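J.: Below is the sequence, then the predicted model.
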Amino acid sequence: MLDTEVLSRTPPRALDVVTPLGDVRFAVRIGGWDVPAKPEHTWELGSGARLCRWRHRSVRLDVLAGTTAPEQPGVTRETVVFRVLAREALSEFVVQAELAGPPADARGGEGVFTVETAEAVVSVGGPGVEALRRCSREGRHVPPYWSGKLADAVELDGARITWQLPGVERGDYAELWVSVAWSEAGGDPGRAVDIDPARVLRELTQ
């Protein structure tokens, strides 16, 4: 993803995103491997983003996480981009994002949920099935052989989203992006999680 030789090391920490309504926590499983919460290595980028890396005999996982400015005023957004590099054929790529201790009611849509209290609104989301199919057909971000295997790839359960993605062949890569956005009560951060991943990647890696 980036040349780490020119980056500064920082202490590894979990990918949790702190919001006004609690922490958004991530869990990742790749080919039967439950990825540890903390990465092996972390580097800081000039944009303020951080690059995290995990290594396993069958895969390397790079995660780029950082804040970018959405078009919506009064909204804060952090995006986490997961990139799998397959050293061996992988049977699955699963990413789960969950808001810890959310309010009782969570409203959801395709690949996104939103929770609200009298103090704040928080939305968490990423690509839905059709967005993933489009990327697959266009050869962007995910393998082209995914397009016919994504029917049940995104599962929403209250304040938790799970992307149950297909396998990745040896030598291939796949990316998944998840954004967390929040605002004061009455705002609409849900629109801010519908991102152009290529543009956000460019902003984070500047």
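T.: Structure received.
J.: quick one: strands adjacent to the helix or strand containing Asp62?
T.: Asp62 is located in strand 59-67, with elements delineated by DSSP states H and E. Strand partners for strand 59-67, identified by DSSP bridges, are recorded as strand 50-56 (antiparallel), strand 76-86 (antiparallel).
J.: got TSV for those strands, with mean neighbour count too?
T.: Quick note: C-beta positions are derived from backbone N, CA and C, even for glycine. As requested, those are exported to TSV (neighbours: other Cβ atoms under 10 Å):
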stretch	mean neighbour count
strand 50-56	19
strand 76-86	22
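J.: Out of these, which is closest to Ser179?
T.: Between Ser179 and these, the shortest gap by Cβ to Cβ is with strand 76-86, which sits at 4.5 Å.
J.: how much does the next helix or strand after that closest one deviate in direction from strand 59-67?
T.: For strand 76-86, the succeeding helix or strand toward the C-terminus, using DSSP H and E, is strand 93-99. With axes from the mean of the first three to the mean of the last three Cα atoms, to 10 degrees defining the directions, strand 93-99 sits at 30 degrees from strand 59-67.
J.: What strands line up against strand 93-99, and which way round?
T.: Here strand 93-99 is paired, per DSSP bridges, with strand 22-30 (antiparallel), strand 160-165 (antiparallel).
J.: Can you mark which positions in the last one are buried?
T.: Going by neighbour count (16 or more other Cβ atoms under 10 Å), the buried part of strand 160-165 is Arg160, Ile161, Thr162, Trp163, Leu165.
J.: doesn't Pro39 make contact with Arg9?
T.: No: at 11.4 Å, Arg9 does not count as touching Pro39 under the criterion of Cβ atoms under 8 Å.
J.: Send over the longest helix anywhere in the chain as CSV, restricted to the C-alpha atoms.
T.: Ranked by residue count and defined by DSSP state H, the top helix of the chain is helix 129-138. Presented in CSV, the C-alpha positions along helix 129-138 are these (Å, rounded to 0.1, in the frame of the first residue of the first chain):
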residue,chain,number,x,y,z
VAL,A,129,-23.8,-5.6,-2.2
GLU,A,130,-24.4,-3.6,-5.4
ALA,A,131,-21.4,-1.3,-4.8
LEU,A,132,-19.2,-4.4,-4.3
ARG,A,133,-20.6,-6.0,-7.5
ARG,A,134,-19.9,-2.8,-9.5
CYS,A,135,-16.3,-2.7,-8.2
SER,A,136,-15.8,-6.3,-9.0
ARG,A,137,-17.1,-5.9,-12.6
GLU,A,138,-14.9,-2.8,-13.1
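J.: Great, nothing more from me.
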